[in-house]
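Peer 1: Structure for this input, please:
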Amino acid sequence: MTKKFSRVAASAAVLAGAAAAALSPLPAASAASAPLSDPRIAVHFDLAQGQTPENVAAAPGGAAYVTFAEGRQVAEITARGTTRVLATLPAPADGGVHTPVLGFPLTLGIVRADDGTLYFLYATGTADLTGVWRLRPGGVPRRIAALPADALPNGLALDRRTHTLYAADSALGTIWRVPTTGGTPTAWSTAPELASTGFLGANGLKLHGGALWATNLDKGTVLRVPVLPDGRAGAVRTVATGLAGIDDFAFTGHGDQLLAALNAPNEVALVRPDGTHSIVLTGADGLQNPTSVAVRGDTVSVFSAAYNTAEDPNLIVARLSR
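Peer 2: Have a look, this model is predicted:
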């Protein structure tokens, strides 16, 4: 979520329908560089309907599940590029004006369990709705864990082995832990590296190699927090710096190498295990405030929410060199 975030189409309706999928030609001045190639816009989303993709969870068969932040929705993007809204969350009674930092309610991080259950985050600035939500196949969304009203739960990670969910809180600089069965969350880490400097702190979150990896948007960093044998958080290590506007990310399958969405700059960065990075996609490839990245085999999917550009929230796919 960008440091220059402004609410998109504030007067637009928030009851979203399914967006028609469309293919666009490769931009004439593609900025893609190794290890990415052949970027193209695969899906256009409907900005007027609040279809601003914030986070993504891959599903079998090439589908993906996304949260539409502005629409307060969870949706499925099929392998063919069609969009199907699965759930719309209830609006807070006050309209969400007390949602920390942003001032409107929004759906954020999402993960998928092996049985198809979706877990996702909702921030409203109210105690009755903010927290971790669950959507079982064919079911209705239900909150399973309440988070403080002044929290902004953003990135979400799932430890399938221990059936534990972790949520990165951008407002309170905290990583929360809660079992997939629900209950009272506990503050797993409140390390200073997670704190904001005035806007959004801890943002993207992934479990990888025995550690939780997080980004800090304000500080432009990638962080690694070991999960100790007893489940506690280890000492935070800063893996990479200088990544202005970093949002969510995905590992490429090459060890600790990852691809990160840089929201405000309209870029995707390749971050190497030694912390160095290079830009591999830009606005010339169609990026519109990218928020999240997914890697499946040799296919990279980048979701853009157009929070600032207010033009074309979309899904870009590119080929990853192995």
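Peer 1: List the residues that contact the residue nearest to residue 241 when sequence neighbours are not counted.
Peer 2: With sequence-adjacent residues excluded and distances taken as Cβ to Cβ, 6 or more residues apart in numbering, residue 241 is closest to residue 221, at 5.4 Å. To be clear about C-beta, it is placed using only N, CA and C from the backbone, and glycine gets the same treatment. Applying Cβ atoms under 8 Å, 6 or more residues apart in numbering to residue 221 gives the contacts 193, 215, 238, 239, 240, 241, 243, 246.
Peer 1: quick one: residue 221 from residue 189, how far?
Peer 2: 14 Å (Cβ to Cβ, to the nearest Å).
Peer 1: gap between the two ends of stretch 215-223?
Peer 2: From its first residue to its last, stretch 215-223 covers 6 Å (Cα to Cα, to the nearest Å).
Peer 1: Give the bridge partners for the residue nearest to residue 241, please.
Peer 2: Under DSSP bridges, the beta-bridge partners of residue 221 are residue 216.
Peer 1: Tell me the secondary structure at residue 41.
Peer 2: Under DSSP: H, G, I helix; E, B strand; the rest coil, residue 41 falls in the strand class.
Peer 1: tally of neighbours for it?
Peer 2: The tally of other residues near residue 41 (other Cβ atoms under 10 Å) stands at 22.
Peer 1: likewise residue 222?
Peer 2: By other Cβ under 10 Å, the residues close to residue 222 number 25.
Peer 1: And the strands in the stretch 51-200 of the chain?
Peer 2: 53-58, 64-68, 73-77, 83-88, 106-112, 118-123, 131-135, 142-146, 153-159, 164-169, 174-179, 186-189 (DSSP state E, counting those that start in this stretch).
Peer 1: The last one - which strands sit beside it in the sheet, and in what orientation?
Peer 2: For strand 186-189, sheet partners with direction are given as strand 174-179 (antiparallel), following DSSP bridges.
Peer 1: mind checking how far the partner strand is from the chain centre?
Peer 2: Relative to the centre of its chain, strand 174-179 is centred 16 Å away, using Cα atoms, centre = their mean, to the nearest Å.
Peer 1: for stretch 189-199, same thing?
Peer 2: 18 Å.
Peer 1: With stretch 182-190 instead?
Peer 2: For stretch 182-190 - counting by Cα atoms, centre = their mean - the centre lies 20 Å from the chain centre.
Peer 1: tell me the average confidence for that stretch?
Peer 2: Here stretch 182-190 scores 98 as its mean pLDDT.
Peer 1: Next: stretch 96-106.
Peer 2: On average, stretch 96-106 scores 97.
Peer 1: and if you look at stretch 312-320?
Peer 2: The pLDDT scores in stretch 312-320 average 97.
Peer 1: buried residues in it?
Peer 2: Neighbour-count burial for stretch 312-320, counted by 16 or more other Cβ atoms under 10 Å, picks out 313, 314, 315, 316, 317, 318, 319, 320.
Peer 1: State the helix or strand in which the residue lying closest to residue 302 once chain neighbours are set aside lies.
Peer 2: Among residues not flanking residue 302 along the chain, residue 316 sits closest, at 4.6 Å (Cβ to Cβ, 6+ apart). In the assignment (DSSP states H and E), residue 316 maps to strand 314-320.
Peer 1: contacting residues for the residue sitting nearest the centre point of the chain?
Peer 2: By Cα atoms, centre = their mean, the chain has its centre lying nearest to residue 55, at 3.1 Å. Residues near residue 55 by Cβ under 8 Å, 6+ apart: 66, 67, 108, 109, 110, 120, 155, 156, 248, 291, 292, 303.
Peer 1: which among those end up buried?
Peer 2: Of the contacts of residue 55, these count as buried by 16+ other Cβ under 10 Å: 66, 67, 108, 109, 110, 120, 155, 156, 248, 291, 292, 303.
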